[in-house]
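S.K.: The following comprises the amino acid sequence and a computationally predicted model.
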Amino acid sequence: MAEAAAALAGYDPVVSSRSVCVYTSCYCEENIWKLCEHIRSKNQYPLEEFYAVFISNDRKMVPLWKQQAGCEDQPVIWDYHVILLHVSNGDQNFIYDLDTVLPFPCPFGTYIEEAFKSDSIINPEFRRKVRLVRADMYLKTFASDRSHMKDASGKWLKSPPLYPCIETAEQCFSTMATLRCVDFSSQNSPASPRNTNQKIPNSEYFKMNLDDFISMNPDTGWGFVRKLSDFVQEFGSQNYEEE
């Protein structure tokens, strides 16, 4: 962890510590949404430098190491997980993961090595993919009524956050749908919206659209889907062993 400490020495985090973040166990998508909201209000860094990163795969079974819910060096198997990527102007990008035992924030290379490890040790059907959604888009388009955290009888599987459910307004969705047609490539923004296939959905979508963010179908939802190896190559400095 000495390298991580050295990288953090020259970096100004968006929060003073993990403990000051809005956090509810098992609601990682909302925790990261709230962190994006904080970044927007603080105006320390441009919001466009940050990406919500959904981690999943077609089976919705992804192993991650160094999680607080884990045991020693054994991975936790999530159906999905959400972290925040800061594409920094410095020599290193950073990951904010509110559920890791790694430093917070964590240098990108350290997080990849410790939390993802290598796909070469993982059965191909469990290999990880990521969906990157720029933070400004995430704040405007994400919605969750938390129904995925209730059992068949309507009881909570895990206690929900105390604040109201996150919803998105139809007018915001329409604006972002227009932005999907814009090519942001000149802004060096690799996960910017360019897919123009999104249509205005029914009213329920503005209350619950989590599945579109978890999905690793590149033709669905917002942002961009990447194989883990491509994600590492795009935002990290190390080579990633896939085969």
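M.R.: Arrived safely. This one's a predicted model, so the numbers in the text were calculated from it and none came from an experiment.
S.K.: confidence score at the spatially closest residue to residue 27 that is not a sequence neighbour?
M.R.: Leaving aside its sequence neighbours, residue 27 sits nearest to residue 161 (CB to CB, 6 or more residues apart in numbering; 5.9 Å). The C-beta positions use only the backbone N, C-alpha and C, and glycine is treated the same way. Predicted confidence (pLDDT) at residue 161: the value is 98.
S.K.: Next, give phi and psi for residue 225.
M.R.: phi -100, psi 140 (degrees, to the nearest 10).
S.K.: List the contacts of it.
M.R.: 129, 130, 131, 216, 217, 218 (CB atoms under 8 Å, 6 or more residues apart in numbering).
S.K.: which residue packs closest to it, ignoring adjacent ones?
M.R.: Nearest one to residue 225, counting by CB to CB, 6+ apart, is residue 218 at 4.2 Å.
S.K.: okay, and the helix or strand of the protein with the least pLDDT?
M.R.: None of the helices or strands of the chain scores lower by mean pLDDT, DSSP states H and E than helix 170-179, at a mean of 56.
S.K.: What are the boundaries of the strands in the protein?
M.R.: 50-56, 62-64, 76-78, 81-86, 94-96, 106-107, 129-134, 224-227 (DSSP state E).
S.K.: I'd like the ones you listed laid out as JSON lines, including distance to residue 21 and mean pLDDT.
M.R.: Listed next are the strands of the chain as JSON lines, based on distance: least, CB to CB, whole Å; pLDDT from 0 to 100:
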{"stretch": "strand 50-56", "distance to residue 21": "14", "mean pLDDT": "99"}
{"stretch": "strand 62-64", "distance to residue 21": "19", "mean pLDDT": "98"}
{"stretch": "strand 76-78", "distance to residue 21": "19", "mean pLDDT": "97"}
{"stretch": "strand 81-86", "distance to residue 21": "10", "mean pLDDT": "99"}
{"stretch": "strand 94-96", "distance to residue 21": "8", "mean pLDDT": "99"}
{"stretch": "strand 106-107", "distance to residue 21": "14", "mean pLDDT": "98"}
{"stretch": "strand 129-134", "distance to residue 21": "19", "mean pLDDT": "98"}
{"stretch": "strand 224-227", "distance to residue 21": "26", "mean pLDDT": "97"}
